[in-house]
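Undergrad: structure for the following, please:
(chains A and B)
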Protein chains: 2
Amino acid sequence: MKSNPFNDYAASINAAIEEYTLNKQECFFKPISYILSLKAKRVRSSLFLFSCDLFNLEKKALIYGALAIEFFHNFTLIHDDIMDSAPLRRGKKTLHKKWSTNTAILAGDTLMVEAYIMLNKLSKKRGFCNAFNLFNSTAIFVCKGQQMDLNFEDEKDIALENYLKMIEYKTAVLLGCSLKMAGCFSSNIKDLELLYQVGINMGLAFQLQDDLLDIYSDKSGKKIGGDILLNKKTLPYFLARKTANTQQKEELMSIYSSRNHTHKVAKTLALFNLLDVKEKGEQLVGLYFKKAFGCLEKVTAPKNKKIFLIEYLDFLASRSY
Amino acid sequence: MKSNPFNDYAASINAAIEEYTLNKQECFFKPISYILSLKAKRVRSSLFLFSCDLFNLEKKALIYGALAIEFFHNFTLIHDDIMDSAPLRRGKKTLHKKWSTNTAILAGDTLMVEAYIMLNKLSKKRGFCNAFNLFNSTAIFVCKGQQMDLNFEDEKDIALENYLKMIEYKTAVLLGCSLKMAGCFSSNIKDLELLYQVGINMGLAFQLQDDLLDIYSDKSGKKIGGDILLNKKTLPYFLARKTANTQQKEELMSIYSSRNHTHKVAKTLALFNLLDVKEKGEQLVGLYFKKAFGCLEKVTAPKNKKIFLIEYLDFLASRSY
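TA: Down below sits the predicted model:
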């Protein structure tokens, strides 16, 4: 795997988070400090800082925007983990397992407010209203995406397109927001929509890749095939369903509705292999990465400024099993 | 019971909510529209509008501040009801009962973001930064109060003073915020702290009165003695514990740790009656109302502007069983 060209950005975020948590020693803030301290890639907040550099904006003055995004993202993780009954996050206990569901609900709520407290530190800057607006509309999309995801569990006939729309909302818009938001504070607004599209496409690529990694990798810090065991329909399921014959489709549906866990992952993998799911998935992931590169190409900023994001996309695309 | 002098304010809020929900016809917004449509007193948002009048600010331009407060309040109700496993809210099914816990968590999250979307509509006004700051710090207090409330369920020895601190955070600060926030948009800032204190004291009075109503009234739209059945220690419990002799204290603790519901409410009420709990509770409620009146007296605005809040406090103080 290549080295991460965003390492410096991630280090800045981690330092800012450490400073933030130093001032939050009260027992009440423990669950928040816990989730923020888990080793994480800081993808979204790094994209924000990259964007500051792209627009020649001072990163130090806008670090609160990066924290707002990182806090918001972690808030969604806390609540999503409750809804998914997930035992692990980043290889460690989820908040509702370490404390309780009620404390986890509240910790999520508090972290969301803390995100807005970070945002308020930028409220006297020109362009704040647009940044605030983008942040809020993104947050609504993220909630909507999560609700679609929940609805999918009970629905039988979901088209791949609907699944893609769901992850666009649930995951991709926040990456788009991360790349666009710093630019709201700049006077150069012509690249904003393109940057948003880079984020959307890399978000789709990233999430679809995650779907594959959940099933084909043991490095994600989660249980292998966790999605299968939870009957969670993700990219491999939709790809399999698209080309399966009647008998295979029935087998697939029977596996994904069963609560019997014996050999469940192995059976599913065998079927997926028959249907070339992994290859097709990788093709789709590649397509979205290509779209992201294409949009980035059109961004008018000089190439030497864009190079970090190009390398970062390369780095993400190289995530291995 | 006296008539509500804030009826006109509440009517404005209801009209604004109706207009808001008209634009939210999507299935995703149904749980939010549902909770906002339940018959409610709109205490907090009415206080905000009253405060606009007090500061000679145009209510129409600041209605979004009132909505932000009302939305935030309803978000807390949704999540609190999940944490309390409450079946009813305002006499109707709670969201997690009508839909599911997951959908209710998400609806709460969404409504909180919608509160910030309302706030953003004021972000170009002078004083927004202070209003935003007040709103956020209030939100943190509210979360902290709810966490204290949860912790109390497992703690044995809680002093009345800690209980009062908890409801100051969980309930009173939002009333203080409601009375103070409009003033952030005014150039007259000298009354802000006094108004905040009016809100804190009326919030304490209001919540302690609610504690009494839960046990002594069948008009609250909730189950009578619901708090007792949930082993939820509220004002009557702390007052009883303060004067109970050793035997009575043991009886009280035994009732509040038991899961046997037979005659539980009746047994508790008999003990409360022996210990003059109702009278002592009413005295405390009266004390906080008096403090609220005292602070309001000192507010420099002309009496003819303050009269509505004086009457409203009278109205609240007259809530009957």
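Undergrad: what residues does chain A have near chain B?
TA: By C-beta under 8 Å from any C-beta of the partner chain, the residues of chain A that approach chain B are A:28, A:79, A:82-83, A:102-103, A:105-106, A:108-110, A:112-114, A:116-117, A:120, A:123-124, A:128-129, A:132-133, A:136-137, A:139-140, A:143-144, A:146-147, A:150. C-beta coordinates here come from the backbone N, C-alpha and C atoms, glycine included.
Undergrad: hmm, which of these are the buried ones?
TA: Neighbour counting with 16 or more other C-beta atoms under 10 Å in any protein chain shown marks A:28, A:79, A:82-83, A:102-103, A:105-106, A:108-110, A:112-114, A:116-117, A:120, A:123, A:128-129, A:132, A:136, A:139-140, A:143-144, A:146-147, A:150 as buried within the residues of chain A next to chain B.
Undergrad: who's in contact with the one residue in the stretch 151-300 of chain A that gets nearest to chain B?
TA: Nearest residue of the stretch 151-300 of chain A to chain B: residue A:151, at 8.8 Å (C-beta to the nearest C-beta). For residue A:151, no residue meets the contact criterion (C-beta atoms under 8 Å, 6 or more residues apart in numbering or on different chains).
Undergrad: assign it to helix, strand or coil.
TA: Recorded secondary structure, residue A:151: helix (DSSP: H, G, I helix; E, B strand; the rest coil).
Undergrad: tell me how far it lies from residue A:121.
TA: As judged by C-beta to C-beta, to the nearest Å, residue A:151 and residue A:121 stand 36 Å apart.
Undergrad: ok, residue A:65 next?
TA: Counting by C-beta to C-beta, the gap from residue A:65 to residue A:121 is 9 Å.
Undergrad: neighbour count winner among these two?
TA: Comparing residue A:65 with residue A:121 by other C-beta atoms under 10 Å in any protein chain shown, the one with more neighbours is residue A:65, at 29 against 17.
Undergrad: tell me which stretches of the stretch 1-150 of chain A form helices.
TA: Taking DSSP state H, counting those that start in this stretch, the helices of the stretch 1-150 of chain A run over residues A:7-22, A:30-37, A:43-54, A:59-83, A:95-98, A:101-120, A:128-154.
Undergrad: which is the next helix or strand following the longest one?
TA: What it means is helix A:128-154. Along the chain past helix A:128-154, the next helix or strand (assigned with DSSP states H and E) turns out to be helix A:160-167.
Undergrad: least confident secondary structure element in chain A?
TA: helix A:226-229 (a mean of 84; mean pLDDT, DSSP states H and E).
Undergrad: buried residues in that helix?
TA: Result for helix A:226-229 [16+ other C-beta under 10 Å]: buried residues A:226-228.
Undergrad: mind checking the SS state of the residue minimising distance to the centre of chain A?
TA: The centroid of chain A falls nearest to residue A:171 when counting by C-alpha atoms, centre = their mean (4.6 Å). Three-state assignment for residue A:171 (three-state DSSP): helix.
Undergrad: ok now do it, which residues does it touch?
TA: A:145, A:203-204, A:206-207.
Undergrad: let's see it at 7 Å
TA: A:203, A:207 (C-beta atoms under 7 Å, 6 or more residues apart in numbering or on different chains).
Undergrad: figure out which of the helices of the stretch 1-150 of chain A is closest to residue B:301.
TA: The closest of the helices of the stretch 1-150 of chain A to residue B:301 is helix A:101-120. By C-beta to C-beta, the value is 28.1 Å.
Undergrad: average pLDDT across the closest one?
TA: Averaging pLDDT along helix A:101-120 gives 98.
Undergrad: for the residue nearest to the centre of chain A, give me the pLDDT.
TA: At residue A:171, the pLDDT recorded in the model is 96.
Undergrad: again with residue A:152
TA: At residue A:152, the model reports a pLDDT of 88.
Undergrad: my guess is it contacts residue A:158, does it?
TA: Yes: if you go by C-beta atoms under 7 Å, residue A:152 and residue A:158 touch, sitting 5.5 Å apart.
Undergrad: give the residues shared as contacts by these two.
TA: Common neighbours of residue A:152 and residue A:158 (C-beta under 7 Å, 6+ apart) are residue A:233.
Undergrad: and the next element down the chain from the least confident helix or strand of chain A?
TA: helix A:235-243.
Undergrad: next structured bit after that following helix?
TA: helix A:246-257.
Undergrad: tell me the mean pLDDT for that next one?
TA: Per-residue scores along helix A:246-257 average to 92.
Undergrad: just after it, pick out the following helix or strand.
TA: Next element after helix A:246-257 (DSSP H and E): helix A:264-274.
Undergrad: just the buried positions in that next one, please.
TA: Applying 16+ other C-beta under 10 Å to helix A:264-274 flags A:264-265, A:267-269, A:271-272 as buried.
Undergrad: which residues does it contact?
TA: Applying C-beta under 7 Å, 6+ apart, the contact partners of helix A:264-274 are A:224-225, A:228-229, A:236, A:240, A:248, A:251-252, A:255, A:278.
Undergrad: at 8 Å instead, please
TA: Here helix A:264-274 has contacts from A:215, A:224-225, A:228-229, A:236, A:240, A:244, A:248, A:251-252, A:255, A:258, A:278, using C-beta under 8 Å, 6+ apart.
Undergrad: measure how buried residue A:56 is and give me the count.
TA: 10.
Undergrad: oh sorry, the question was meant for residue A:302
TA: Neighbourhood size, residue A:302 [other C-beta under 10 Å]: 9.
Undergrad: got it, and the one 5 residues further on?
TA: For residue A:307, the number of neighbouring residues by other C-beta under 10 Å comes to 11.
Undergrad: what of the one 10 residues further on?
TA: Other residues within reach of residue A:317 by the criterion other C-beta under 10 Å amount to 19.
Undergrad: report the contact partners of it.
TA: Taking C-beta under 8 Å, 6+ apart as the contact definition, residue A:317 lies against A:205, A:285-286, A:289.
Undergrad: would you write a ChimeraX line that selects the buried entries of those residues?
TA: Under the burial definition 16+ other C-beta under 10 Å, those of the contacts of residue A:317 that qualify are selected in ChimeraX by:
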select /A:205,285,289
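Undergrad: right, and the pair among the contacts of residue A:317 with maximum separation?
TA: Taking C-beta to C-beta, the two most distant members of those are A:205 and A:286; they sit 7.9 Å apart.
Undergrad: returning to what we had before: rebuild the buried residues of helix A:264-274 as JSON lines, extending it with distance to residue B:295 and pLDDT.
TA: JSON lines is the format used below for those (distance: C-beta to C-beta, whole Å; pLDDT from 0 to 100):
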{"residue": "A:264", "distance to residue B:295": "64", "pLDDT": "90"}
{"residue": "A:265", "distance to residue B:295": "64", "pLDDT": "90"}
{"residue": "A:267", "distance to residue B:295": "69", "pLDDT": "92"}
{"residue": "A:268", "distance to residue B:295": "66", "pLDDT": "94"}
{"residue": "A:269", "distance to residue B:295": "68", "pLDDT": "94"}
{"residue": "A:271", "distance to residue B:295": "70", "pLDDT": "96"}
{"residue": "A:272", "distance to residue B:295": "68", "pLDDT": "96"}
